[in-house]
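Visitor: Return a 3D structure for these sequence lines:
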Amino acid sequence: MSIESNFFTKAVHAGTRPEPVTGAIMTPIFQTSTYVQSEPGVHKGFDYSRANNPTRQAYEEALATIENAKHALSFSSGIAAEQAIIQTLDANAEVIVCDDVYGGTGRLFRQLFSKYGIKFHFVDMHDDKAIKDVLNKNTKLIWMESPTNPTMKIIDIKKMAALAKNAGAYLVVDNTFATPALQNPLDMGAAFVLHSTTKYIGGHSDVIGGAVMINDEDLFKKVKFVQFAAGAVPSPMECFMLLRSIKTLAVRVDRHCDNGERVASYLAESKKVSAVYYPGLANDRGHGIAKAQMRRFGGMISFDHAGSYDDVVAFFKKLKVYSLAESLGGVESLVNHPALMTHASVPTELRKKLGIGPNLVRLSCGIESADDLIADLDQALNS
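Guide: You can find the predicted model right below:
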């Protein structure tokens, strides 16, 4: 297998080459705001660090490489990356969004951008009729996650890409949960892939970031202009940290998957759990599609606690290895209550419809011992 096709090798070497002055193996942190010009407008590709920075350039090259993209653009957060895509649209544009989308994404669309003449339709993307009912000449984007946050729905990326293309629209895939290690939506026809690099790409719960990966040259230029003009760029230090983290992405995700598979199997057998949402389980609704478009099934799991809400709160308090916190994708295992945390901004009726109720629990399985993770869940559920 060639270096170009082996993700483990690609992740280690993407975007990095020895620094020419000293031979440093890691790209330096170019902590500068501006660059000296030999004449007005004559420079070596860098004039102001909002526009470009050598550390950010290396990081973006690495992002493009791991997602099989021609271009990547980095941002100060995942939400800033989403915002940049929406800011390429004109007023009166319409966007079809998967109903089970990250709460912050829904809040951005419903409470901010809907004020500027952009219309958002939140639909179940397993329902072909629901999509066709809102698809029209003004539809510019179809926006999806797979797996979705937090109910772990699997959406057919190739199918959505074909639908978008036939409608003269573009498919956006939030690939945060799967990571480039497990699936590459651009290869399946998506026009935009985005990540909250805070999560698995960063992997250590110590940096905030976002990214957009693109193949189409015109779309790249549009988002690049927003990055430059709106200025929601990461600092050189953040770029350095995220570039460093990409090197271990493959090995970390492999371990996340190992632990996710074992924890999901444990939960599926527990009498204190009424339902498990994990595409790696053979009886999961999305297992077939996930098996076709993902290489493995990830470290994210949601489940319904079989007890009362008081039992759910008691469960959280008894956990010792899992920490109750926002976010996901770090080396440490986290537990989340979507209804009151990440998805609190989702309208109440929609939360009920989606099954984001008081008993839904979301796990981000870290890279600790799977035996310890299962033992922790077991004592918290059964003691």
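
Visitor: Now the longest helix along the chain: buried residues?
Guide: Of all the elements of type helix in the chain, the one with the most residues (DSSP state H) is helix 249-269. Residues 249-250, 252-257, 259-264, 266-268 are the ones in helix 249-269 that count as buried (16 or more other C-beta atoms under 10 Å). For the C-beta atoms, the positions are set from N, CA and C on the backbone; glycine is no exception.

Visitor: and if you look at stretch 227-238?
Guide: Taking 16+ other C-beta under 10 Å as the neighbour-count basis, stretch 227-238 is seen to contain the buried residues Gln227, Ala232, Val233, Pro234, Ser235, Pro236, Glu238.

Visitor: Distance to Leu360 and pLDDT added to these, as a markdown table?
Guide: Rendered in a markdown table, the data for the buried residues of stretch 227-238 read as follows (distance: C-beta to C-beta, whole Å; pLDDT from 0 to 100):
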| residue | distance to Leu360 | pLDDT |
| --- | --- | --- |
| Gln227 | 35 | 98 |
| Ala232 | 31 | 97 |
| Val233 | 35 | 98 |
| Pro234 | 32 | 98 |
| Ser235 | 36 | 97 |
| Pro236 | 39 | 97 |
| Glu238 | 32 | 98 |
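
Visitor: Which of those sits closest to Gly103?
Guide: The shortest gap between Gly103 and any of those belongs to Ala232, at 19.9 Å (C-beta to C-beta).

Visitor: State the distance from the closest one to Asp174.
Guide: In this structure, Ala232 and Asp174 are separated by 17 Å, where distance is defined by C-beta to C-beta, to the nearest Å.

Visitor: now swap in Met341 and tell me
Guide: Remark: distance between Met341 and Asp174 (C-beta to C-beta) = 18 Å.

Visitor: what does Leu182 give?
Guide: As defined by C-beta to C-beta, Leu182 lies at a distance of 14 Å from Asp174.

Visitor: And for Lys44?
Guide: When C-beta to C-beta is applied, the distance between Lys44 and Asp174 equals 35 Å.

Visitor: Compare the two (neighbour count), which wins?
Guide: Between Lys44 and Asp174, Asp174 has the larger neighbour count (other C-beta atoms under 10 Å), namely 25 against 10.

Visitor: Tell me what that one is bridged to.
Guide: In this structure, Asp174 has beta-bridge partners Glu145, Leu194, where bridges are defined by DSSP bridges.

Visitor: can you map out the strands along this protein?
Guide: Applying DSSP state E to the chain gives strands spanning 71-75, 94-98, 119-123, 139-145, 170-174, 192-196, 210-214, 273-277, 300-305, 323-324, 334-336, 360-364.

Visitor: now those as a markdown table including mean pLDDT and distance to Thr22?
Guide: As requested, the strands of the chain are exported to a markdown table (pLDDT from 0 to 100; distance: least, C-beta to C-beta, whole Å):
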| stretch | mean pLDDT | distance to Thr22 |
| --- | --- | --- |
| strand 71-75 | 98 | 25 |
| strand 94-98 | 98 | 47 |
| strand 119-123 | 98 | 50 |
| strand 139-145 | 98 | 42 |
| strand 170-174 | 98 | 39 |
| strand 192-196 | 98 | 31 |
| strand 210-214 | 98 | 28 |
| strand 273-277 | 98 | 50 |
| strand 300-305 | 98 | 41 |
| strand 323-324 | 98 | 40 |
| strand 334-336 | 98 | 39 |
| strand 360-364 | 98 | 38 |
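
Visitor: now the ones you listed as JSON lines including distance to Lys10?
Guide: Rendered in JSON lines, the data for those read as follows (distance: least, C-beta to C-beta, whole Å):
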{"stretch": "strand 71-75", "distance to Lys10": "14"}
{"stretch": "strand 94-98", "distance to Lys10": "29"}
{"stretch": "strand 119-123", "distance to Lys10": "35"}
{"stretch": "strand 139-145", "distance to Lys10": "24"}
{"stretch": "strand 170-174", "distance to Lys10": "20"}
{"stretch": "strand 192-196", "distance to Lys10": "16"}
{"stretch": "strand 210-214", "distance to Lys10": "14"}
{"stretch": "strand 273-277", "distance to Lys10": "30"}
{"stretch": "strand 300-305", "distance to Lys10": "23"}
{"stretch": "strand 323-324", "distance to Lys10": "31"}
{"stretch": "strand 334-336", "distance to Lys10": "27"}
{"stretch": "strand 360-364", "distance to Lys10": "24"}
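
Visitor: burial count for Ala292?
Guide: When neighbours are defined as other C-beta under 10 Å, Ala292 has 12 of them.

Visitor: got it, and Ile25?
Guide: The tally of other residues near Ile25 (other C-beta under 10 Å) stands at 9.

Visitor: With Lys247 as the reference, measure out to it.
Guide: For Ile25 relative to Lys247 (C-beta to C-beta), the value is 11 Å.

Visitor: Check Ser49 too.
Guide: Counting by C-beta to C-beta, the gap between Ser49 and Lys247 amounts to 24 Å.
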